[in-house]
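In: Sequence first, then the predicted structure, then my questions.
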Amino acid sequence: AAEQVPGYFSQLPGDKAKSEGYKALYRYQKLDDVTDALLAANKRLDELQSDRTLIVPAKGDKKGAAEFWKKLGVPDNPDDYKLEALKDGPAEFQDVLSAVRKGMQRAKLTQKQAEVVAEMYAKASVALGVKRAITLRENIRNQTEHVAATYADVYTADIDRRKAAEGDVARYESFIKETGLEELINKSSLAGNPQLIRAISSWARKYGGTVTQKGTSLGSGPKPGGKKPMNESEDWKRYKANNGQI
């Protein structure tokens with residue numbers, strides 16, 4: 001049934017009482033229904049204007065946008081992101097933290113969201129570090145097998161491939177020990193790399209003494225009672241005399 005004209009409409013000017021806009025008030029049949037609705041609307045408006053209310057800014061409203069993001073918890077400046085989970089992280093990562101903070105600010109991450117991301121990265125970093133350390137140890141432990149595999153197209157017999165690999169590894173290990181590179185290489189992704197081992201071995205075979213067994217020094221002269229290294233070139237002697245400078 002159509003709503004009736006409320007009785008209090010008799011107190012309104014005739015043109016307003018008959019207007020389409022005022023017909024929306026037909027739902028309020030009593031005057032106190034109108035006043036109750038008005039008070040509820042005013043209360044709701046006050047709530048919307050409180051500090052806890054988020055008002056989506058209009059396009060181009062820079063001031064409104066700044067207030068909007070501030071209420072959400074997005075820092076005004078990238079440097080305001082604390083990132084506590086990363087403050088004691090790897091030294092190499094500290095160099096890019098500034099760029100990370102700028103990226104977080106552009107993405108409008110809140111302080112809490114940024115900390116969650118930082119915590120996830122820190123945990124992933126530790127897990128990757130452990131995995132990398134295990135991989136490096138395995139590479140070093142199995143470097144002879146890795147090098148032998150590169151001789152598949154050169155030798156048909158396993159024993160020949162392994163013999164060639166053992167010679168390469170011996171020259172390589174002697175080289176990195178004598179040059180002081182052992183710790184540096186064994187902590188890097190190059191540890192156990194068969195291409196690196198063969199390259200260094202090739203260089204040592206060309207310019208240094210021939211290694212006859214694992215651990216024999218390159219170009220440093222024979223061990224007491226041992227066999228004098230062969231093919232100790234003038235270049236290698238000059239290399240030693242210049243303290244490792246070519």
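Out: Looks like it arrived, so ask away.
In: From the centre of this protein outward, give me the first residue you hit.
Out: Y121 (6.1 Å; CA atoms, centre = their mean).
In: so which strand or helix has that one?
Out: Per DSSP states H and E: Y121 is located in helix 111-141.
In: Could you pull up the mean pLDDT of whichever helix or strand comes after that helix?
Out: As assigned by DSSP H and E, the chain's next helix or strand after helix 111-141 is helix 143-149. Taken as a whole, helix 143-149 has a mean pLDDT of 93.
In: Show me what helix 143-149 is in contact with.
Out: Residues from elsewhere that reach helix 143-149 (CB atoms under 8 Å, 6 or more residues apart in numbering): 139, 158, 161-162, 164-166, 168-169, 192-194, 197-198. C-beta here means a position set from N, CA and C on the backbone, and glycine is covered the same way.
In: which ones are touching A191?
Out: By CB under 8 Å, 6+ apart, A191 lies in contact with L136, N139, I140, I185.
In: I should have written D33 there, sorry.
Out: By CB under 8 Å, 6+ apart, the neighbours of D33 are R27.
In: Same check on L97?
Out: Taking CB under 8 Å, 6+ apart as the contact definition, L97 lies against L83, L86.
In: ok, it to E145 distance?
Out: Applying CB to CB, to the nearest Å, the value for L97 to E145 is 40 Å.
In: and if you look at I176?
Out: I176 is 19 Å from E145, where distance means CB to CB.
In: cool, and Y172?
Out: Taken as CB to CB, the span from Y172 to E145 is 14 Å.
In: higher neighbour count, the two?
Out: Ranked by neighbour count (other CB atoms under 10 Å), Y172 and E145 place Y172 first, with 27 against 13.
In: Let's see the helix or strand hosting the more buried one as PDB, backbone CA atoms only.
Out: Element membership for Y172 (DSSP H and E) is helix 158-178. Provided in PDB are the C-alpha atoms of helix 158-178 (Å, rounded to 0.1, in the frame of the first residue of the first chain):
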ATOM      1  CA  ASP A 158      86.300 -44.100 -15.600                       C
ATOM      2  CA  ILE A 159      89.800 -44.700 -14.200                       C
ATOM      3  CA  ASP A 160      91.300 -42.300 -16.800                       C
ATOM      4  CA  ARG A 161      88.700 -39.600 -16.100                       C
ATOM      5  CA  ARG A 162      89.300 -39.900 -12.400                       C
ATOM      6  CA  LYS A 163      93.100 -39.800 -12.800                       C
ATOM      7  CA  ALA A 164      92.900 -36.700 -14.900                       C
ATOM      8  CA  ALA A 165      90.500 -35.100 -12.400                       C
ATOM      9  CA  GLU A 166      92.700 -36.000  -9.400                       C
ATOM     10  CA  GLY A 167      95.600 -34.200 -11.200                       C
ATOM     11  CA  ASP A 168      93.500 -31.100 -11.800                       C
ATOM     12  CA  VAL A 169      92.300 -31.000  -8.200                       C
ATOM     13  CA  ALA A 170      95.800 -31.400  -6.800                       C
ATOM     14  CA  ARG A 171      97.100 -28.600  -8.900                       C
ATOM     15  CA  TYR A 172      94.100 -26.400  -8.100                       C
ATOM     16  CA  GLU A 173      94.300 -27.100  -4.300                       C
ATOM     17  CA  SER A 174      98.100 -26.400  -4.300                       C
ATOM     18  CA  PHE A 175      97.500 -23.100  -6.200                       C
ATOM     19  CA  ILE A 176      94.800 -21.700  -3.900                       C
ATOM     20  CA  LYS A 177      96.800 -22.600  -0.800                       C
ATOM     21  CA  GLU A 178     100.000 -21.000  -2.000                       C
END
